[in-house]
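A.B. asks: Here is my input, please return the structure:
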Amino acid sequence: MSRIKFRAWDGEKMHATISIPEWEELNAVFERYPHVLMQFTGLLDKNGKEIFEGDVLSAAVATGAGSAYYDKGEVAFHPDAAQFVLRKGEYATNIGRDVEVIGNIYENPDLLSHEAA
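C.D. replies: Numbering: from 1, shown residues only. Okay, the predicted model is just below:
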């Protein structure tokens with residue numbers, strides 16, 4: 001059985017990954033960490049780094065003309081699709097293979113600050 005991994009943001013710092021073996025123990029995790037919990041997506045970026053909810057990714061976006069450009073977005077859970085997606089503003093897309101974790105929305109809020117404008 002695979003373990004469920006989370007990391008926690010307490011408003012000041014990111015806490016190391018916590019791992020729980022069973023869903024039944026999830027309530028205990030929420031009681032112990034009354035912070036923002038971010039679940040591991042099960043995906044790795046192109047450098048082998050684990051991707052969590054709240055991470056900011058740099059992603060290659062195909063232009064359709066055989067070239068690509070890099071854009072940034074936030075990893076979020078999309079309840080209608082029941083999957084983790086790369087969200088940019090109101091739009092969301094699947095998380096591709098050519099992505100790199102460049103920060104997260106808590107420690108690096110400036111990475112996406114221009115997106116809101």
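
A.B. asks: Span of stretch 47-55 from start to end?
C.D. replies: Using Cα to Cα, to the nearest Å, the end-to-end distance of stretch 47-55 comes to 14 Å.

A.B. asks: Residues in contact with it: which ones?
C.D. replies: Taking contacts as Cβ atoms under 8 Å, 6 or more residues apart in numbering, the residues outside stretch 47-55 that touch it are 5-7, 9, 17, 36, 38-41, 43-45, 57, 74-77, 84, 95, 99-101, 103-106. C-beta here means a position set from N, CA and C on the backbone, and glycine is covered the same way.

A.B. asks: Least confident secondary structure element in the chain?
C.D. replies: The helix or strand of the chain with the poorest confidence is helix 26-32; it has a mean of 67 (mean pLDDT, DSSP states H and E).

A.B. asks: Can you pull out the low-pLDDT segments for this structure?
C.D. replies: Scanning the chain with the threshold set as pLDDT under 70 gives 1-3, 20-30, 32-34, 62-63, 67-68, 114-117.

A.B. asks: quick one, strands of it?
C.D. replies: Assigned by DSSP state E, the chain shows strands spanning 4-9, 14-20, 36-44, 50-52, 55-62, 68-78, 83-88, 91-93, 99-104.

A.B. asks: Just put these in a markdown table and tack on mean neighbour count.
C.D. replies: Putting these into a markdown table (neighbours: other Cβ atoms under 10 Å) gives the following:
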| stretch | mean neighbour count |
| --- | --- |
| strand 4-9 | 19 |
| strand 14-20 | 13 |
| strand 36-44 | 17 |
| strand 50-52 | 19 |
| strand 55-62 | 20 |
| strand 68-78 | 16 |
| strand 83-88 | 18 |
| strand 91-93 | 14 |
| strand 99-104 | 18 |
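
A.B. asks: I'd like these as JSON lines, with distance to Leu112 appended.
C.D. replies: As requested, those are arranged in JSON lines below (distance: least, Cβ to Cβ, whole Å):
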{"stretch": "strand 4-9", "distance to Leu112": "16"}
{"stretch": "strand 14-20", "distance to Leu112": "17"}
{"stretch": "strand 36-44", "distance to Leu112": "15"}
{"stretch": "strand 50-52", "distance to Leu112": "15"}
{"stretch": "strand 55-62", "distance to Leu112": "6"}
{"stretch": "strand 68-78", "distance to Leu112": "6"}
{"stretch": "strand 83-88", "distance to Leu112": "8"}
{"stretch": "strand 91-93", "distance to Leu112": "13"}
{"stretch": "strand 99-104", "distance to Leu112": "9"}
